[in-house]
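Visitor: sequence and computational prediction follow.
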Amino acid sequence: PPGYNEILSYPVVYCQDGEEFFNFGRIATHANRLILDEGIEPFIIVGVEVDTSIRTSEYAPFGSRFEAYTSCFAEEIIPYIEGKYAVRREPSERILAGDSLGGSVSLHLALLYPDLFTRIISLSGAYYDESRALIAEEKDLSRLDVWMVVGLQETNFKSDTGVYDFVELNRLTRQLLEERGATVSYREKDGQHLWGFWQNELPDALMYFLNLA
């Protein structure tokens, strides 16, 4: 962030699809404006890159690389960042962010590693049957705070695994989370399953979790 100082410590936003968050989500531009103009606390952004050819196998709970990806994220990437940068180490100071399957894998990371993650930004999360089944197995999710948005024009989205109504998937997931005590900040807006929609929602999501300085 502007004025980064290793004597201080910072919250961190960890982004799935890291390159897309920077290139299409313009998260660095949003962050600079929020810090400099809106007065929110400076924070660090970590973009975790993904090979799009194996993205579903890493991000989806039914994927062959899901276990390897989530364990790498929690057990290798987090310690690396926390050993290299002046970041805070409380779960409330780590925010996971993702779009589509990136949103759902962020939630799964919080389920798998409850001592590490409690805060999630979900941009049109791909909460397929397998993901909702794993959420349904949980008894108490009161530790979670989830910011969710989905576009009202996402009712017939064709992905690599089928055609899905993302509005319905997100409504069902919100219900599952709230029934288990999670805090959910949920919104439906005009928008498609595209970065053109998510980019404009990112500032509100960041401000929801990051305090004013």
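Guide: That came through fine.

Visitor: can you give me the strands in the chain?
Guide: 12-15, 44-47, 94-99, 119-123, 145-151, 157-159, 162-164, 183-189 (DSSP state E).

Visitor: just checking, what packs against the second one?
Guide: Taking 3 or more CB pairs under 8 Å, 6 or more residues apart in numbering; DSSP states H and E as the contact definition, the neighbouring helices and strands of strand 44-47 are strand 12-15, helix 18-23, helix 27-36. Where C-beta positions appear, they are placed from N, C-alpha and C, glycine not excepted.

Visitor: mind putting these in TSV, mean neighbour count included?
Guide: Below are the helices and strands packed on strand 44-47 laid out as TSV (neighbours: other CB atoms under 10 Å):
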stretch	mean neighbour count
strand 12-15	23
helix 18-23	18
helix 27-36	17
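
Visitor: out of those, flag the one nearest Ser92.
Guide: Taking CB to CB, strand 12-15 is the member of the helices and strands packed on strand 44-47 nearest to Ser92, at 11.2 Å.

Visitor: so what strands line up beside the closest one?
Guide: strand 44-47 (parallel), strand 94-99 (parallel) (DSSP bridges).

Visitor: what's the angle from the last one to strand 119-123?
Guide: With axes from the mean of the first three to the mean of the last three CA atoms, to 10 degrees as the basis, strand 94-99 and strand 119-123 are set at 10 degrees to each other.

Visitor: excluding chain neighbours, what is closest to the residue positioned nearest the centre of the chain?
Guide: Computing the C-alpha centroid of the chain and ranking residues by CA atoms, centre = their mean puts Ala97 first, at 2.0 Å. Closest residue to Ala97 apart from its sequence neighbours, by CB to CB, 6 or more residues apart in numbering: Ile121 at 3.9 Å.

Visitor: next, count neighbours for the one you found.
Guide: Other residues near Ile121 number 29, with proximity taken as other CB atoms under 10 Å.

Visitor: repeat that for Phe24.
Guide: Phe24, neighbours per other CB under 10 Å, totals 15.

Visitor: on that earlier part again, among the strands paired with strand 12-15, which is nearest Tyr113?
Guide: Where the strands paired with strand 12-15 are weighed against each other on CB to CB, the nearest is strand 94-99, at 9.9 Å.

Visitor: go ahead and confirm the residue nearest to Ala97 touches Asp99.
Guide: No: the pair Ile121 / Asp99 is not scored as a contact, 9.1 Å apart, by CB atoms under 8 Å.

Visitor: overlap in contacts, those two.
Guide: By CB atoms under 8 Å, 6 or more residues apart in numbering, Ile121 and Asp99 have no common neighbours.
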